[in-house]
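Novice: Fold the following.
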Amino acid sequence: MKIFGFLIARNEGDIIGQVLQRLLELGCYERIYFFDNDSTDDTAAVARALANDVLQVSTCSRPFSDSLKYQLIDEHRAEFTEGDWIHVLDADEIIIDNPRSLAELAAQEGSNAIEHGYVQFYMQEGAANARFHTGVPAAEQLTHYLLNWGEPRFFRFSRDYLLSESFVKQRDPRLLISSHLLHIQHFQFRSAEQVQRRIEVRLANNRHSGNWGHVKAARWQDYCVPARFLHKFDGQIRRGLPEGMDLFTAPSNAAYTAASLNWMRRHGHLAAEHERYFTAGALERRLRSLHPRRWLAR
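Specialist: Now for the predicted structure:
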């Protein structure tokens, strides 16, 4: 079994070194194909400094979309053999678990795809002069997270089907998802400047691709999350919400979207007391948010 990684990056120079160093440190990849998507910062230079027989760095100037990832994989299809694994990587994700171990577990249960379990780190409110320092481990700078999302990103290769954006997003019946998550640290919100740039790029990208429909707010401050709604990272990954969290009184924020809460619910990450939130009507939700003590007495 060989593992091939595919990664497209644009202007991720502040974190790409940490991402690539971790991938190489894992020692499980036959090859990692890195494509710089016309970066205007030092992303390509950082990647080339780390390039070796495993990490191959090149340029891809095609407009970015989710489909592009799978197009690039298909262009290397002749290199794969039945039973190899294809890993779709991102430039702001630092792998926690060993992909080879997860692939072996998946094979034992007859699965051919593995979801990333996103341990998503957020900036806190009031970070008016937020900065990200390239030489400092990301988890030492962004210290609060929530494991609140996942999607298939690691696939067993087969010539019986073609990996594509629609094949994955529409959950083709031939896609058999493993019961085990491959955990990654996701640092999509790192600094005021980086988040604002991210928002602007994705809002512009939506005009022709629709890839980022969930990105609607236009200010970086709208993506900050108060620490009390998150877990503090101590080296261990905790599932679910912080103890005592009342979803009825929690204001809308980037970590508590309908999509992320539903994902946590489907994966059994929420406590029994949170179930009422999903079955309550709009009026009950409103009343509970306004008068939480009255409802606690019932």
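Novice: Name the single longest helix found in the chain.
Specialist: Among the elements of the chain assigned as helix by DSSP state H, the one spanning the most residues is helix 192-205.
Novice: just checking, what packs against that one?
Specialist: For helix 192-205, the packing partners by 3 or more CB pairs under 8 Å, 6 or more residues apart in numbering; DSSP states H and E come out as none at all, with no helix or strand in contact. Every residue, glycine included, has its C-beta placed from N, CA and C.
Novice: need the next SSE after it, C-terminal direction.
Specialist: Beyond helix 192-205 on the C-terminal side, the first helix or strand identified by DSSP states H and E is strand 231-232.
Novice: What pairs with that following strand, parallel or antiparallel?
Specialist: Partner strands and pairing direction for strand 231-232 (DSSP bridges) are strand 144-156 (antiparallel).
Novice: Output the strand it pairs with as CSV, restricted to C-alpha atoms.
Specialist: Taking C-alpha atoms only, strand 144-156 is exported to CSV below (Å, rounded to 0.1, in the frame of the first residue of the first chain):
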residue,chain,number,x,y,z
HIS,A,144,-9.0,27.2,21.6
TYR,A,145,-10.8,24.8,19.3
LEU,A,146,-13.9,22.7,18.6
LEU,A,147,-14.0,19.3,16.8
ASN,A,148,-17.1,20.3,14.8
TRP,A,149,-16.7,19.2,11.2
GLY,A,150,-15.6,16.4,9.0
GLU,A,151,-15.6,15.4,5.3
PRO,A,152,-14.1,12.5,3.3
ARG,A,153,-10.5,13.4,2.2
PHE,A,154,-8.6,10.1,2.2
PHE,A,155,-9.5,7.5,-0.4
ARG,A,156,-8.6,4.0,-1.4
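Novice: And that strand, how far out from the chain middle?
Specialist: Using CA atoms, centre = their mean, to the nearest Å, we find the averaged C-alpha position of strand 144-156 to lie 5 Å away from the chain's own average C-alpha position.
Novice: all strands of the stretch 1-150 of the chain, in order?
Specialist: 3-9, 31-36, 55-59, 85-90, 93-95, 113-121, 144-156 (DSSP state E, counting those that start in this stretch).
Novice: Dump those strands to TSV, plus mean pLDDT, distance to Val168 and mean neighbour count.
Specialist: Supplementary listing: the strands of the stretch 1-150 of the chain in TSV, determined by pLDDT from 0 to 100; distance: least, CB to CB, whole Å; neighbours: other CB atoms under 10 Å:
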stretch	mean pLDDT	distance to Val168	mean neighbour count
strand 3-9	98	13	22
strand 31-36	98	18	22
strand 55-59	97	24	16
strand 85-90	98	9	22
strand 93-95	98	16	21
strand 113-121	98	8	24
strand 144-156	97	6	21
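Novice: Can you list the buried residues in stretch 190-201?
Specialist: Residues of stretch 190-201 classed as buried under the neighbour-count rule (16 or more other CB atoms under 10 Å) are Arg190, Ser191, Ala192, Gln194, Val195, Arg198, Ile199.
Novice: What distance do you get for the nearest residue to the third one once chain neighbours are set aside to Leu182?
Specialist: Of all residues not flanking Ala192 in the chain, Ala130 sits nearest, at 4.5 Å (CB to CB, 6 or more residues apart in numbering). Distance from Ala130 to Leu182, counting by CB to CB, to the nearest Å: 29 Å.
Novice: Neighbour count: the two, which is higher?
Specialist: When neighbours are counted by other CB atoms under 10 Å, Leu182 comes out ahead of the other of Ala130 and Leu182, with 24 against 20.
Novice: Can you list the low-confidence ranges for this protein?
Specialist: 126-129, 202-217, 283, 285-298 (pLDDT under 70).
Novice: returning to that earlier point: compile the strands of the stretch 1-150 of the chain into a markdown table and extend it with columns for distance to Glu79.
Specialist: Converted to a markdown table, those look like this (distance: least, CB to CB, whole Å):
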| stretch | distance to Glu79 |
| --- | --- |
| strand 3-9 | 7 |
| strand 31-36 | 8 |
| strand 55-59 | 11 |
| strand 85-90 | 10 |
| strand 93-95 | 22 |
| strand 113-121 | 20 |
| strand 144-156 | 15 |
